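Colleague: Provided below are the primary sequence and the corresponding predicted coordinates.
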Amino acid sequence: MLEIKCPYCGKRSQNEFAYGGDATIKRPKLNTEVSDEEWDTFVYYRKNPRGDHLELWQHISGCRQWFKAKRNTATHEIIETYELSSNKEEHS
Amino acid sequence: MTQNYRLKNIGLIDKNHKISFIFNGKKYFGYKGDTLASALIANGVHLIARSFKYHRPRGIFGAGVDDPSAKVQLIKEGYSEPNVNLTEYELVEGLELKSQNCWPSVKLDIGEINNLLNRFFPAGFYYKTFMWPKSFWYRIYEPFIRKAAGFGVASLDPDPDRYEHQYEHCDVLVVGSGPSGLSSTLAAAKNGARVILAEDKPRFGGSLLTDEVTIGNKKGEEWVDDVIAELKSMPNVITKSRSQVFGYYDHNMLVMFERKRDHLQDPKNFTPREKLWYIRAKEVIISTGSIERPLVFSNNDRPGILLASAAKEYLKVYGVAVGKKPIFFTNNDSAYEAAIEFKKNGIQSTILDTRPSSENQIVGEAQKMGIDILFEHGIANTTGHLKVKSATVGKLNKNKNSFTSLQKIDCDCICVSGNWTPTVHLASQSGNKLKFDSDSDTFLPNQSRQQEVVIGAANGSFTLMESLNDGFEQGFKSSNKITNKNIKTDAPISDEKNLGNHDKFWCMPLPEGKHYKRFVDFQNDVAVSDIELAVREGFRSIEHVKRYTTLGMATDQGKTSNLNGLQLVSNIEKKIVPEVGHTTFRPPYTSVTIGTIIGREVSKYYKATRKSPMHEWHERNNAVFVDAGLWLRPRYYKQGNETLQEAAKREASNVRKNVGICDVTSLGKIDIKGPDSAEFLNRVYTNAWLKLPVGKARYGVMLREDGMVFDDGTTTRINENHFHMTTTTAQAANVLSHLEYYLQIVWPELEVNVFSTTEQWAGAAVAGPNSRKLLSKLFPNEDLSNEGLPFMGYREFKFFDTTARIFRISFSGELAYEVNVMSDFGEFMWDKIIEAGEGLGIQPYGTEALSTLRIEMGHVAGSEIDGRLIASDLGLDGMLSKKKDFIGKRSLNRVAFNDENRERIVGIVPVDKKTSIPEGSYIVENPNAEFPIPKLGHVSASCWSVEHNNPFSLAIIKNGKNRKGEKLFAVSPVKNMSIPVEVVSQHYVDPDGERVRS
């Protein structure tokens, strides 16, 4: 069981959290033209990297905040976690 | 029976406390502190069980978790448990043991014929033999294998014991309490760290309990007692005996089970049998020691043949001699220690040593004591059917591939020692890639992956001084990373006998012209010849050899056999061991009872139970409950001898005729507040929300981004910036997460807050033509007319000392209201409604009647909104706004979603108007068509229509839109039914929705 540091509450066991997938996926803006390819990529296509992965987690049995975590998918090491509003991202 | 093999003046057990037990119908005695194994050996009993495949007699081979053979069926207070390890279970009064895997008895076992036929049972026997003909598998082969295989018999009764779980955090977890474990615990504790010390056996000390050593000026076991007493006095230390750390998981999470009850003679009522500990440790010190490695020789599996270290432990800890005429068979010095201990207790032995000679101190000492030593000798064969009687020993030739000058030596036990295998399981589970060490001929830990270190014998340090120094050093280092206190404890001076090199020779040749079995894995009956055969047949990977031969796959997980097995493969293939590699070490390290893993989450504690505030009223009124997620909801209120169907019919017709009341507290409720609330709902739901007036409710459907319907419900505008959303019972938690996802991640600019209020409001649906009359009695001063409170209207009324929220919404399709009050007033509200309904024919109705009402009305629910259908499939096309964007809208352009032939919801009625259609039935055009019969769709929900007094079902079928009036068939292969049906409208009652507006 992983130990995840919620940026608001501190370190907690994984069973307090829900996984939310790739954090680099951006939803296309509402009321704009979206091509089939762009929409398919948003809804269905995900990378499956071995190594660092920026992902979303929700502290579902705690403060209920969503946040981002950089996790190594091979070792499960969580390199860092931070608030959604933080700009330290999109390097992975 | 007398304990003929119990010695005086030795042992750590309580010889003043005699305990009786029964083994295979015979009564024996042991002492408090014995394991079942030591008590049996004290009585000269070695024959315990029959082996798995050949039914060969087997005995006790080890003294701890490593033992592969000594498993019995244990009966205690009428409860029977299979595969109990004799070497771990502690003796208490009232136990009965039975041998397993034998019939009619362990001494005379019919299955032993397999042993005579052993050349017909080679490796991969089952794979090769039971392949054909295919039809034989279920009828003949499988039942036969099931009967012949397996060990004990599992009880069919519920487990009477209680198990618990505990979560714990610590700075340093030390696993194993031998010299290195104890010293590291002491050093870490003195440096201020919070330490947990875990020891699998009942007594702390590990090898210090059996080795003749001096630490400081104390004997080994005295030093152990003093250290443990000191640790127990420290508030920052938890010491746990009878506690096995069996799994090392991610982020330094380790799992341990503690035996808390079985060893107690009179346990208190609520003492759990075992406790599972989840330990999150900042640092882990693995000091799990090592397990003695067996030597492999012809007929090496007879009862009475066991590990030399086990013989020493039985002697030193339990005061029991495994035999009175022992042979020690070794390739190293450690067996000499055991032989010397036997000699000190008056038992003369013979030592067979495969080495040509040895100059080591301990060998000299043994010689001086007059112990017979035969160098360069090995065992060629053994005799003795139910217990070993003699060994045929011979001088090994130079290449060690044959024997010369064979002679027979009588004996009553053979103690074998093939050097030591470090217990590296936990390190490997943590991610440590082991390295092969050619000096010790074993795998040792290499680079740690998590916050762990391995010390002592588990790390290949086999001398006491090394282990102690390692322990004090590492205990300080690991603790100082956390405490930074720099309090260092020095290791005491110790004294022991030096051990010399071992002979890397462990598999004896066969005597010339003989084909005896030389066993590697005792529990699964894997012999040298099986491994040779597997390699000959082309299995190369050690993982494949393991699975083909079943080497190391038994309950002991090959603790004594894996290394011998893989060295054998490397010898046959003439490869070095690291090239062959080792099989994966996976948790659990030892068998764990299922009860321990489950803990308290059994029967009604399996999950939390949610009850509405009106639950007790339902109970008092004969409600029969049904699980709805975690909620318990009344399914129907039983009157007299009514069946479920009869009650549902009565309750549903009463709603259509008079008025009914239904507990709807479990519906998900979400409070939505903030200036952008309407805009947010407009994006979440498929229909328009911006212009919903205050005091009005609206039905909404939400989609996932892939276009599938996610959930539905009504949402009410309480005031300009405040909405009350309802969700289905099942999806309440998911909808809340969904909303939070969009508010926090996708549209953080929206000023909206969402909060679950499911448990804050008690809800009752009051439905039926008389519902307005009923509410007028409750609220005589309010205007309940169609103008005052129209369909989909919302009002707040004063209700005694509180406020009631009144929603004019309807799931039943009748004129109906939902009344919500704060949960504390729930039962009060319910009573008042029932009171007001007297004379109006009020009856409570449960979920079964609720389903009947919604099905015949054609309202969709969870059985239709199954995550695989889009809005138009459910007849909800009208809910999709063309003017605005919403979640999932872009997906609706998909070609498949616009297929003319797509599934759509319809109603179906059996042609005979009598036969109920099972839910889940297939809809087909012709049930007699050739297989596979094309499937048009399935029946999602069925009821007995109270309006029409005949069965009615909802179904989702291809091109449902254009099939009205068609005659089709509903087939249920499970119930062997084929029912002619007619397609009708999904709205079987009041298709124009006049009643709800009346």
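Modeller: That came through fine.
Colleague: Enumerate the residues of the stretch 801-950 of chain B near chain A.
Modeller: For the stretch 801-950 of chain B, the contact set with chain A under C-beta under 8 Å from any C-beta of the partner chain comprises B:Lys884, B:Asp885, B:Arg890, B:Ser891, B:Asn893. Every C-beta, even on glycine, is put in place using the N, C-alpha and C of the backbone.
Colleague: just checking, the third one touches A:Glu38?
Modeller: The one in question is B:Arg890. No: with contact defined as C-beta atoms under 8 Å, B:Arg890 does not count as touching A:Glu38 (9.2 Å).
Colleague: where in the stretch 851-998 of chain B is pLDDT low?
Modeller: Nowhere does the stretch 851-998 of chain B drop to pLDDT under 70.
Colleague: which ones are touching the residue of chain A positioned farthest from its centre?
Modeller: Computed with C-alpha atoms, centre = their mean, the maximum C-alpha offset from the centroid of chain A is found at A:Glu33, amounting to 26.1 Å. Contacts for A:Glu33 (C-beta atoms under 8 Å, 6 or more residues apart in numbering or on different chains) come out as none.
Colleague: how many other residues sit next to A:Leu84?
Modeller: Using other C-beta atoms under 10 Å in any protein chain shown, A:Leu84 is surrounded by 15 other residues.
Colleague: who touches it in this structure?
Modeller: Counting by C-beta under 8 Å, 6+ apart, A:Leu84 has contacts A:Trp66, A:Phe67, A:Lys68, B:Gln744, B:Ile745, B:Pro748.
Colleague: what are the ranges of the strands in the stretch 501-650 of chain B?
Modeller: B:519-521, B:526-527, B:623-628, B:631-637 (DSSP state E, counting those that start in this stretch).
Colleague: Please produce TSV containing these, extended by mean neighbour count and distance to chain A.
Modeller: TSV is the format used below for the strands of the stretch 501-650 of chain B (neighbours: other C-beta atoms under 10 Å in any protein chain shown; distance: least, C-beta to the nearest C-beta, whole Å):
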stretch	mean neighbour count	distance to chain A
strand B:519-521	28	33
strand B:526-527	28	34
strand B:623-628	16	21
strand B:631-637	23	19
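Colleague: can you put the ones you listed in TSV and add mean pLDDT?
Modeller: Output for those, formatted as TSV (pLDDT from 0 to 100):
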stretch	mean pLDDT
strand B:519-521	96
strand B:526-527	94
strand B:623-628	96
strand B:631-637	97
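Colleague: remind me which residues of chain A are low pLDDT?
Modeller: In chain A (pLDDT under 70), the answer is A:87-92.
Colleague: Can you pull the residues of it lying near chain B?
Modeller: Contact residues (C-beta under 8 Å from any C-beta) of chain A with chain B: A:1-3, A:13, A:18, A:20, A:27-28, A:30-31, A:34, A:36, A:39, A:42-44, A:56, A:58, A:60, A:64-66, A:75-76, A:78, A:84-85.
Colleague: Narrow those to just the buried residues.
Modeller: Neighbour counting over these (16 or more other C-beta atoms under 10 Å in any protein chain shown) leaves A:2, A:13, A:18, A:20, A:28, A:30, A:34, A:39, A:42-43, A:56, A:58, A:60, A:64-66, A:78 as the buried ones.
Colleague: Throw together a ChimeraX command that grabs the buried residues out of the contacts of A:Leu84.
Modeller: To isolate the buried ones among the contacts of A:Leu84 in ChimeraX, judged by 16+ other C-beta under 10 Å, type:
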select /A:66,67,68 /B:744,745
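Colleague: Point out the ones among the contacts of A:Leu84 that are inside strands.
Modeller: Using DSSP state E, the subset of those located in strands is A:Trp66, A:Phe67, A:Lys68.
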